[in-house]
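Student: When you get a sec, could you give me coordinates for this:
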Amino acid sequence: MFPRQVKRAVARLALLAAVGLPAAACGSSAQPPPEVDWAGGVCAHLADSGAGLAVPTVDKAQPVRAKGQLVSFLTALSERLGSLRADMQKDGAPPVDGGAAAFATALAHLDRARTSVGDAVATLSKAQVTDQKSLKSALDAAGSSLKAVSAYKGPADDLRADPKLRKAFDGNPDCVAAVAAAGGGQEPGDGS
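Tutor: Model prediction:
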């Protein structure tokens, strides 16, 4: 029902928002560097933003209900992405040389993803759905907004592009599982 590429984009966005992190604290008594603590905050925000968020299973035999479920899910996803941005903004840029630029890039990509999801919500909300054919048309129209973010992997991936921040994420035990989960999925176009 959902075009394959759009379904992957929605799943990827949901995954980045729903990354589960271990609750156990690090066993070391040594104080980690500030950038490692900062990375832990990003990972905690990712976990918080995705708690309880799951892509709904829709029944295309009930097109009006399916539309409502998808509008509700995408609205919640957009709100979670907005909360994630606000939480990251409160923490500020990472305490490393060049951290402000990496942070600005990560926030810009997060904003673009949220805008795409918001555009999909607006398109789907306005669509007149009465049967399976009109549902497919509505999903195709909404899906064009989501295609723009189909390869988006989330702010942790953007931040990890900086070698100093990659080291900070790798040095925080709470982040290791989050980064592995966010990057462990299949890529678009992989044939699955």
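Student: sec struct for A30, please.
Tutor: Under DSSP: H, G, I helix; E, B strand; the rest coil, the three-state class of A30 is coil.
Student: what residues are up against it?
Tutor: By C-beta atoms under 8 Å, 6 or more residues apart in numbering, the contact list for A30 is empty. (Each C-beta comes from the backbone N, C-alpha and C, glycine too.)
Student: Tell me how far it lies from L74.
Tutor: According to C-beta to C-beta, to the nearest Å, A30 and L74 sit 43 Å apart.
Student: R114 now?
Tutor: Relative to L74, R114 is positioned 11 Å away (C-beta to C-beta).
Student: Looking at the two, which has the bigger crowd around it?
Tutor: Just comparing R114 and L74: by other C-beta atoms under 10 Å the higher neighbour count belongs to L74, 27 against 20.
Student: contacting residues for that one?
Tutor: Listed by C-beta under 8 Å, 6+ apart, the contact partners of L74 are 10, 117, 120-121, 124, 142.
Student: so after the least confident helix or strand in the chain by mean pLDDT, what's the next helix or strand?
Tutor: Each helix and strand of the chain was given a mean pLDDT (mean pLDDT, DSSP states H and E); the minimum falls on helix 4-17 at a mean of 58. Counting by DSSP states H and E, the next helix or strand C-terminal to helix 4-17 is helix 34-50.
Student: Only alpha carbons, please: show stretch 54-71 as CSV.
Tutor: Taking C-alpha atoms only, stretch 54-71 is exported to CSV below (Å, rounded to 0.1, in the frame of the first residue of the first chain):
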residue,chain,number,x,y,z
ALA,A,54,5.7,2.5,16.4
VAL,A,55,4.7,2.5,12.7
PRO,A,56,1.0,1.4,12.7
THR,A,57,-0.2,-1.7,10.9
VAL,A,58,-2.9,-0.4,8.6
ASP,A,59,-5.7,-2.4,7.0
LYS,A,60,-6.1,-1.1,3.5
ALA,A,61,-9.6,-2.7,3.5
GLN,A,62,-10.5,0.1,5.8
PRO,A,63,-9.1,3.1,3.9
VAL,A,64,-10.6,5.9,6.0
ARG,A,65,-9.3,4.3,9.2
ALA,A,66,-5.9,3.7,7.6
LYS,A,67,-5.6,7.3,6.6
GLY,A,68,-6.4,8.4,10.2
GLN,A,69,-3.9,6.0,11.6
LEU,A,70,-1.2,7.3,9.3
VAL,A,71,-2.0,10.9,9.9
